[in-house]
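Colleague: Model the structure of this input:
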Amino acid sequence: MINKFVASVADELADTPDGATILIGGFGTAGIPDELIEGLLLQGAKDLTLVNNNAGNGEHGLAALLKAGRVRKVVCSFPRQTDSFVFDRLYRSGQVELELVPQGNLAERIRAAGAGIGGFFSATGYGTELAKNPDGTLKETREINGRMYVYETPIHGDLALIRAERGDRWGNLTFRKAARNFGPIMAMAARKTVATVFEKAELGDMDPETVITPGIFVQAVVHIERVATQAGGIKA
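Modeller: Numbers count the residues shown, from 1 in each chain. Model (predicted):
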């Protein structure tokens, strides 16, 4: 019987190796898998490459991994905001690398990895510093219908950590509003995906038309309790 629900985050993250590329869902503070990030922090893997929309908030979540010295490189589209002081300090002191990727390109590079696409051409970034590889070399360019494009490569992950709203024991997932963000494409682009859900569904209760991420892309699901925010809302 297939049952992807697991009781322990620690067991599912125990084999995460040093140097792994970790795809972490979330957009700002929406859909951040805090419990899984905490599990990764406790697990101990280091020299990590983190792929996320941003570079952490305050001193928790992604920022906690950075502060603990566990991150070698961040791949994101929005590294600096009012409370990204942990990343800012580490980057300015040369303790962490940054690969800045426009948000649309970031999403498409992750999607390309999951779809088995070898790469794609994008007009975004042509003629700017973003048209360079991390090592400073120029990316391939091509003129298509009179417009210049830059060749972008897929972003594959060793592990994806995502937060969903509801899931069943086969790993089928649905998401809540903006908490959906990068989760579905990250699940497709990683060798292993671990998801948290607030609601456990019985097998067959989820209308197939509403399933966003099919269970074939998910290896483990952890049921977590919903936590109320200080404003009286719910945690997305």
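Colleague: Please enumerate the strands of the chain.
Modeller: Using DSSP state E, the strands found in the chain span residues 21-24, 48-51, 71-76, 97-100, 120-122, 141-144, 147-152, 159-163, 166-167, 173-174, 193-197, 199-200, 220-223.
Colleague: which other helices and strands contact the last one?
Modeller: In terms of contacts (3 or more CB pairs under 8 Å, 6 or more residues apart in numbering; DSSP states H and E), strand 220-223 is packed against helix 9-13, strand 193-197. All C-beta spots, glycine's among them, are computed from the backbone N, C-alpha and C.
Colleague: Where among these is average confidence lowest?
Modeller: For the helices and strands packed on strand 220-223, mean pLDDT drops lowest on helix 9-13, to a mean of 93.
Colleague: Quick check: buried residues in the longest helix seen in the chain?
Modeller: Ordering each helix of the chain by length in residues (DSSP state H) puts helix 103-115 first. Counting neighbours by 16 or more other CB atoms under 10 Å, one finds that the buried residues in helix 103-115 are Asn105, Leu106, Ala107, Glu108, Arg109, Ile110, Arg111, Ala112, Ala113, Gly114.
Colleague: cool, stretch 57-72 as well?
Modeller: Using 16+ other CB under 10 Å as the test for burial, stretch 57-72 gives Asn57, His60, Gly61, Leu62, Ala63, Ala64, Leu65, Leu66, Lys67, Arg70, Val71.
Colleague: Let's have the residues you listed in a markdown table, adding distance to Ala178 and pLDDT.
Modeller: Formatted as a markdown table, the buried residues of stretch 57-72 follow (distance: CB to CB, whole Å; pLDDT from 0 to 100):
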| residue | distance to Ala178 | pLDDT |
| --- | --- | --- |
| Asn57 | 15 | 85 |
| His60 | 19 | 88 |
| Gly61 | 16 | 89 |
| Leu62 | 17 | 92 |
| Ala63 | 20 | 93 |
| Ala64 | 22 | 94 |
| Leu65 | 23 | 96 |
| Leu66 | 24 | 95 |
| Lys67 | 26 | 95 |
| Arg70 | 27 | 96 |
| Val71 | 25 | 97 |
